[in-house]
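S.K.: Sequence and predicted structure are below.
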Amino acid sequence: MTRYKAIISYDGTLFSGFQRQPEARSVQEELEKTLKRLNRGQEVTVHGAGRTDAGVHAYGQVIHFDLPEVRDVEKLRFGLDTQSPDDIDVVAVEQASDDFHARYNKHSKTYEFLVDNGRPKNPMMRHYATHYPYPLDLALMQEAIQDLVGTHDFTGFTASGTSVEDKVRTITEARVELDPHTGFLVFTFSGNGFLYKQVRNMVGTLLKIGNGRMPVGQIKVILDKMDRNLAGPTAAGNGLYLKEIYYDN
């Protein structure tokens with residue numbers, strides 16, 4: 001068997017998430033159906049680096065899969081890209097080592113989150129940016145977001161019911177800026193891993209800080225107390241993008 005690594009992007013609007021699930025449309029299942037056609041009807045399993053939720057988008061999701069023979073990687077990419085649904089794009093394909101695993105090889109991720117702070121909202125971007133129609137102080141959010149950088153236990157920013165026991169993660173970059181072209185707020189987070197709904201919970205908290213309904217030091221309190229009830233609401237998934245994944249060599 002030959003292992004292939006691919007970078008894919010997708011519009012998450014009509015997906016119930018990346019991971020295959022019964023009675024729901026997923027990115028993984030759509031790719032596996034395409035690969036089955038390209039593999040003469042034989043089943044192919046796709047492994048992803050992360051499991052994005054319903055409505056969440058990706059620019060740089062990484063997957064891997066095995067095929068029984070060596071293929072020309074550009075022809076394989078073209079076949080995957082053109083035979084997959086229009087809301088999935090296959091950006092690149094390369095042959096990988098037999099021990100490469102998209103999920104388990106050590107890597108870091110970068111997420112972006114877009115917030116439409118306009119009144120009224122931009123209806124053309126309703127699936128691609130989360131609308132927040134209340135006043136926001138960008139400087140307060142820029143001050144507060146720096147408290148997320150570093151190695152912390154992120155229990156206070158984790159959705160209830162997660163099965164992950166170790167909630168310590170390292171965030172290497174956290175910033176929020178105003179895009180002068182769109183007028184949207186762009187939150188960026190990079191780190192060695194993120195817990196279930198962690199990014200969306202961090203954004204929800206920062207928006208409350210920016211709106212003056214939480215103090216600028218609330219991030220430190222949440223990290224210290226490890227209490228989800230002290231954080232803000234979970235921001236909607238339509239503003240979230242898995243931007244890029246970096247693997248250690």
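M.R.: Sure, I can see it.
S.K.: When you work out contacts or count neighbours from here on, use the C-alpha atoms and nothing else.
M.R.: Will do.
S.K.: Could you measure from Thr172 over to Phe113?
M.R.: 16 Å (Cα to Cα, to the nearest Å).
S.K.: neighbour-wise, which of these two wins?
M.R.: Phe113 (28 against 15; other Cα atoms under 10 Å).
S.K.: Just to check, that one is in contact with Gly239?
M.R.: Yes. In terms of Cα atoms under 8 Å, Phe113 counts as a neighbour of Gly239; the distance is 5.1 Å.
S.K.: how about the strands in this structure?
M.R.: Taking DSSP state E as the criterion, the chain carries its strands at 2-10, 47-48, 57-67, 88-96, 107-116, 130-131, 150-153, 168-178, 185-191, 240-247.
S.K.: Of all the ones you listed, which one comes closest to Glu30?
M.R.: With Cα to Cα, the closest approach to Glu30 among the strands of the chain belongs to strand 88-96: 8.8 Å.
S.K.: Identify the residues contacting that closest one?
M.R.: 2-11, 27, 73-74, 76-78, 80-81 (Cα atoms under 8 Å, 6 or more residues apart in numbering).
S.K.: Filter those residues down to the buried ones.
M.R.: Taking 16 or more other Cα atoms under 10 Å as the criterion, what is buried in the contacts of strand 88-96 is 3-11, 27, 73, 76-78, 80-81.
S.K.: about what we covered before: quick one, which of the strands of the chain is nearest to Met214?
M.R.: Closest among those, using Cα to Cα: strand 168-178, at 17.2 Å.
S.K.: how about stretch 83-90: buried residues?
M.R.: Buried-residue list, stretch 83-90, by 16+ other Cα under 10 Å: 83-84, 88-90.
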